[in-house]
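Peer 1: sharing a sequence plus its predicted fold:
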Amino acid sequence: MLDILRSKSRSVLTYVLFGIIIIVFVISFGPGSQGCQVQGLSSGYAAEVDGYVVTPADFEQHYASLFRTYQARVGQSFTRELADQLGLRNVAMNQLVDRVLAVREARRRGLAVSDDEVNRVIWAIPSFQTQGTFDLDLYRKTVRAIYGSEQRFEQQVREDLLYAKMMALLREGAQVSDEAVKEAWAAENDQVDLAFVRFPLAAARKDVRVSDADVKAFLAANAARVSKYYEDNAARYEKGKRVKARHVLVRVPEGAPAAQDDAARKKVELAADRVRKGEDFGAVAREVSEDPGSKDKGGDLGFFGAGVMAKPFEDAAFALQVGELSQPVRTRFGWHVLQVEAVEEAKKTPLAEAQADIAREILTDEAARKLADARAAGALAQLKAGKRLADLFPPRPKDGAGKKPSGPELGGEPLVAQDTGPFSRNGGVVPRVGDVPSLATAAFAATAAGQPLPGVYATPAGPVVAQVRSRTQPDPSKLAQQGEEVAARLRSARQTQLESAWLKGLREGATVKVNDAFLRGSPSSS
């Protein structure tokens, strides 16, 4: 097994170099770097993997290195807030769990890392060098400050290299056949560019008129259909409770020192006292609140329903009567005090009240679809007679005199031919049109520019007709020149698939417990 690794050293080297990069970031921005540490998460566990404990220090160290890696690529615009939005904490946690599982499996398979391999990696780390030469004193000083001892750091490096070997070995199983390369190359070089026109259903609805008599007749003949529509769209006829509220927010991060948290709470309590003594809530909010979205509006949040606000805030708002002032409420944003100005109770519109609107909507939708389909069929007939889509539905010139440009319309909206641009086979996806497999199949069955596609193709937004603008087919003489690049991409994709499936299998066979507080960046309640 190790012979395979030696003979395939290029892939292993990639992983080892990646490990060195990560180690450099750990040395530069490890546990001693305060910029990425999470306050309030210094005890307990970050995760447990079959009893193996991933410590808070392990998580903070790995999250810090991952954060700095992204920041080095993106720049200072990559902030903690952006990292949280992108779920970087989840990424860090998953990588740590995967690493534990992979290292354990590597040992089970008999893989090992020699002292010489560990030394060569450490000697190559610039952070341990003085004028390009490894500095033992610098190494000891740096590692002891961050890891406590050389032994602990060297164990980390050993496990990183063991993980690298395991993943490299796994990826060596990714094989790509010549036939797969040929098919992928042909698909990439088989391109078509279409002109198309969509006949929007929303526009067609504007040209539809449904009378009260039509509605009455439809209800008489289609009561069961109307009832089913009502049941299938029940949420449209059930209006949940909503409240209209104002609030004052004093920001303080979760896990902040007690003195800082108490000061923020005291500030909202003083704001609430001012309101109780007769001051206008809006005026107090404009002066005190630290919520940029509502401060200038006197703290006005408008109407909101369940699931919109942070849960503690929502619970407080929905428990208040109109005009009532809340006690201080803590959320992840800080401390709030709020006042409810209006309440809209939950309401369900019965079928008897909704049925006429439902009938009108069904009739309008059906008529709009028929109208759009008819217009599309007419356009297709003209294409088959030799017309060009770009001539039938030309772009609208800008008229500086304010005169409305002439041209085909639907529902008062202009119908203009658009271009997809050249595209390759990608399932049923057609650029600017959507996932329409029948249209994609017809496009690649075409052989020449100017050829109309044979049908009218339904899309959620409305029917489409199309015509080939250009057609490029693979040149077999270029396969030898371009094939290796295609093969490399296929191997990379296959390797990623193998790695993902393998790690998923390890997880399914393990007992993994994650402390969610580390994913939120806040202390656990336990």
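Peer 2: Alright, I've got the coordinates. Numbering: from 1, shown residues only.
Peer 1: so how many other residues sit close to Gln95?
Peer 2: 15 (other Cβ atoms under 10 Å). (Glycine included, C-beta is placed from N, CA and C.)
Peer 1: touching, it and Phe59? I think so.
Peer 2: No - using Cβ atoms under 8 Å, Gln95 is not in contact with Phe59; the gap is 10.3 Å.
Peer 1: ranges for the strands of the stretch 251-400 of the chain?
Peer 2: 300-305, 329-331, 334-344, 347-348 (DSSP state E, counting those that start in this stretch).
Peer 1: quick check, central residue of the chain?
Peer 2: Nearest to the mean C-alpha position of the chain, by Cα atoms, centre = their mean, lies Leu86 at 7.5 Å.
Peer 1: now it: how far from Tyr70?
Peer 2: 8 Å (Cβ to Cβ, to the nearest Å).
Peer 1: need the contact list for Ala510.
Peer 2: Taking Cβ atoms under 8 Å, 6 or more residues apart in numbering, we find Ala510 in contact with 49-50, 101.
Peer 1: thinking again about what came up before, quick one, which of the strands of the stretch 251-400 of the chain is nearest to Val252?
Peer 2: Of all the strands of the stretch 251-400 of the chain, it is strand 334-344 that lies closest to Val252, at 4.4 Å by Cβ to Cβ.
Peer 1: now the closest one: how far from the chain's centre is it?
Peer 2: Chain-centre distance of strand 334-344: 31 Å, with Cα atoms, centre = their mean, to the nearest Å.
Peer 1: over to stretch 281-291?
Peer 2: 34 Å.
Peer 1: how about stretch 482-493?
Peer 2: When distances are taken as Cα atoms, centre = their mean, stretch 482-493 is centred 27 Å away from the chain's centroid.
Peer 1: that one - what's its average pLDDT?
Peer 2: Mean pLDDT, stretch 482-493: 89.
Peer 1: show me which residues of that stretch are buried.
Peer 2: 486-487, 490-491 (16 or more other Cβ atoms under 10 Å).
Peer 1: just to check, His247 is in contact with Gly299?
Peer 2: Yes - the pair His247 / Gly299 is scored as a contact, 5.0 Å apart, by Cβ under 8 Å.
Peer 1: sorry, back to before: between the strands of the stretch 251-400 of the chain, which one is closest to Gly427.
Peer 2: Gly427 lies closest, by Cβ to Cβ, to one member of the strands of the stretch 251-400 of the chain: strand 300-305, at 37.7 Å.
Peer 1: so which elements touch that closest one?
Peer 2: Other elements packing on strand 300-305 under the criterion 3 or more Cβ pairs under 8 Å, 6 or more residues apart in numbering; DSSP states H and E are strand 242-251.
Peer 1: partner strands of the strand it packs on and their direction?
Peer 2: With DSSP bridges as the test, strand 242-251 is paired with strand 300-305 (antiparallel), strand 334-344 (antiparallel).
Peer 1: return the most buried member of those.
Peer 2: strand 334-344 (a mean of 21; mean count of other Cβ atoms under 10 Å).
Peer 1: output the below-cut-off pLDDT ranges for the protein.
Peer 2: Along the chain, segments meeting pLDDT under 70 span 1-43, 398-405, 521-526.
Peer 1: per-domain residue ranges of the chain.
Peer 2: With domains defined by automatic domain parsing, the chain comprises 2-175+495-520, 191-233+351-395+408-472, 241-345.
Peer 1: distance from the shortest one to the middle of the chain?
Peer 2: Going back to what we said before, that points to domain 241-345. In terms of Cα atoms, centre = their mean, the centre of domain 241-345 is found 30 Å from the chain centre.
Peer 1: what's the answer for the second one, then?
Peer 2: Centroid separation between domain 191-233+351-395+408-472 and its chain, computed with Cα atoms, centre = their mean, is 30 Å.
Peer 1: likewise stretch 225-242?
Peer 2: That offset, for stretch 225-242, works out to 30 Å (Cα atoms, centre = their mean).
Peer 1: show me which residues of that stretch are buried.
Peer 2: Under the neighbour-count criterion of 16+ other Cβ under 10 Å, stretch 225-242 has 226, 229-230, 237, 242 buried.
Peer 1: what's the answer for stretch 60-74, then?
Peer 2: By neighbour count on 16+ other Cβ under 10 Å, the buried set for stretch 60-74 is 60-69, 71.
Peer 1: just the helices in the stretch 1-150 of the chain please.
Peer 2: 2-7, 9-29, 56-74, 80-85, 88-108, 115-123, 136-147, 150-171 (DSSP state H, counting those that start in this stretch).
Peer 1: packing partners for the longest one?
Peer 2: In other words, helix 150-171. The contact analysis (3+ Cβ pairs under 8 Å, 6+ apart) places helix 150-171 against helix 2-7, helix 9-29, helix 88-108, helix 115-123, helix 136-147, helix 479-508.
Peer 1: what angle separates the last one from helix 88-108?
Peer 2: In terms of direction (axes from the mean of the first three to the mean of the last three Cα atoms, to 10 degrees), helix 479-508 departs from helix 88-108 by 90 degrees.
Peer 1: give the buried residues for the next helix or strand after helix 479-508.
Peer 2: Counting by DSSP states H and E, the element after helix 479-508 in chain order, helix or strand, is strand 512-514. Using 16+ other Cβ under 10 Å as the test for burial, strand 512-514 gives 512, 514.
Peer 1: for stretch 323-331, same thing?
Peer 2: 326, 328-331.
Peer 1: overlap in contacts of His247 and Gly299?
Peer 2: Joint contacts of His247 and Gly299 (Cβ under 8 Å, 6+ apart) are 285, 289, 291, 338.
Peer 1: closest to Trp123 among the residues you listed?
Peer 2: Trp123 has its nearest neighbour among these in Asp291, at 53.3 Å by Cβ to Cβ.
Peer 1: give me every residue that touches the closest residue to the closest one other than its chain neighbours.
Peer 2: Spatially, and ignoring its direct neighbours in sequence, Asp291 is nearest to Leu249 (4.1 Å; Cβ to Cβ, 6 or more residues apart in numbering). Applying Cβ under 8 Å, 6+ apart to Leu249 gives the contacts 268, 289-291, 294, 333-336.
Peer 1: from those, pick the one nearest Ser211.
Peer 2: Ranked by distance to Ser211 (Cβ to Cβ), these are led by Ser294 at 46.1 Å.
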